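In: Give me the fold of what follows.
(chains A and B)
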2 protein chains.
Amino acid sequence: MIKVSVFYPHQPNAHFDMTYYCERHMPMVRRLLGSAIKNLAVEQGLSGGTPGAPPVYVAMGHCYFDSVPAFVEAWTPHASEILADVPNYTSLQPQFQISEVKL
Amino acid sequence: MIKVSVFYPHQPNAHFDMTYYCERHMPMVRRLLGSAIKNLAVEQGLSGGTPGAPPVYVAMGHCYFDSVPAFVEAWTPHASEILADVPNYTSLQPQFQISEVKL
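Out: Sure, this is the predicted structure:
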């Protein structure tokens, strides 16, 4: 199983519409990528390791796929439509990472 | 539900013993923090958003708790013992983040 993570780095006063992200953007991703997505998760950053310290990321989104090829096959035809939706909920530049799920 | 993430930033030639992390360190965390941990996950970084680009993190570990106070209460008595184990699997300096699970 692999996990595709999208990190939105914390910046003071940056805009991130969590409601839009959870209720519009992620459902669109799920609809477009279909059964290739095995699971999906969203988190909102609260703090760093100590309460009160800023979080590294204001938000993180994760999609799980069986394999990297399964992700690439599902993602490629819809990448431009999905990425075009990003300015509708944030001005932040997301970072991407592909990971192998170990535990 | 909250998620405590530990990020190990990718550095060329840095050491990270994933076997020790999964088979020794994380089981120790689970044993020490007990029933306060609701779930636990580990990922190994494969790449950035495009295959071949380095991942942001060589490894990530995540523990889920009911709330920030539940995490703090479970973590505080064992923090020094858990952190003292880090040099046994990596020379990297971990980053920490506490997040609220939204989806």
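In: now the helices for chain A?
Out: Assigned by DSSP state H, the helices in chain A fall at A:18-20, A:26-33, A:68-75, A:79-84.
In: okay, the ones you listed in JSON lines with mean pLDDT and distance to A:Gly48 next?
Out: To be clear about C-beta, it is placed using only N, CA and C from the backbone, and glycine gets the same treatment. Shown next, in JSON lines, are the helices of chain A (pLDDT from 0 to 100; distance: least, Cβ to Cβ, whole Å):
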{"stretch": "helix A:18-20", "mean pLDDT": "98", "distance to A:Gly48": "19"}
{"stretch": "helix A:26-33", "mean pLDDT": "98", "distance to A:Gly48": "25"}
{"stretch": "helix A:68-75", "mean pLDDT": "96", "distance to A:Gly48": "30"}
{"stretch": "helix A:79-84", "mean pLDDT": "97", "distance to A:Gly48": "28"}
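In: Name the residue closest to the centre of chain A, please.
Out: A:Gly61 (2.6 Å; Cα atoms, centre = their mean).
In: got a pLDDT number for it?
Out: Model confidence at A:Gly61, given as pLDDT, is 98.
In: Check A:Ser35 too.
Out: 97.
In: count of residues packed around it?
Out: By the criterion of other Cβ atoms under 10 Å in any protein chain shown, A:Ser35 has 8 neighbours.
In: Next one: it from chain B, what distance?
Out: As judged by Cβ to the nearest Cβ, to the nearest Å, A:Ser35 and chain B stand 18 Å apart.
In: What of A:Phe96?
Out: In terms of Cβ to the nearest Cβ, A:Phe96 sits 3 Å off from chain B.
In: That residue - nearest residue in space that isn't next to it in sequence?
Out: Using Cβ to Cβ, 6 or more residues apart in numbering or on different chains and skipping residues adjacent in sequence, the residue nearest A:Phe96 is B:Gly49, 2.9 Å away.
In: contacting residues around that neighbour?
Out: By Cβ atoms under 8 Å, 6 or more residues apart in numbering or on different chains, the residues touching B:Gly49 are A:Gln95, A:Phe96, A:Gln97, A:Ile98.
In: Quick check: of those, which has the highest neighbour count?
Out: A:Gln97 (25 neighbours).
In: on that earlier part again, separation between the residue nearest to the centre of chain A and chain B?
Out: For A:Gly61, the distance to chain B equals 8 Å [Cβ to the nearest Cβ].
In: can you pull up the bridge partners for that residue?
Out: A:Val6, A:Val42 (DSSP bridges).
In: Surely it and A:Met26 touch.
Out: Yes. Using Cβ atoms under 8 Å, A:Gly61 is in contact with A:Met26, at 6.4 Å.
In: shared neighbours, those two?
Out: By Cβ under 8 Å, 6+ apart, the residues touching both A:Gly61 and A:Met26 are A:Leu40, A:Val42.
In: from the contacts of B:Gly49, which is closest to chain B?
Out: Among the contacts of B:Gly49, A:Phe96 lies closest to chain B (Cβ to the nearest Cβ), at 2.9 Å.
In: mind listing what the closest one touches?
Out: A:Phe96 neighbours (Cβ under 8 Å, 6+ apart): A:Val4, A:Ser5, A:Val6, A:Phe7, B:Gly48, B:Gly49.
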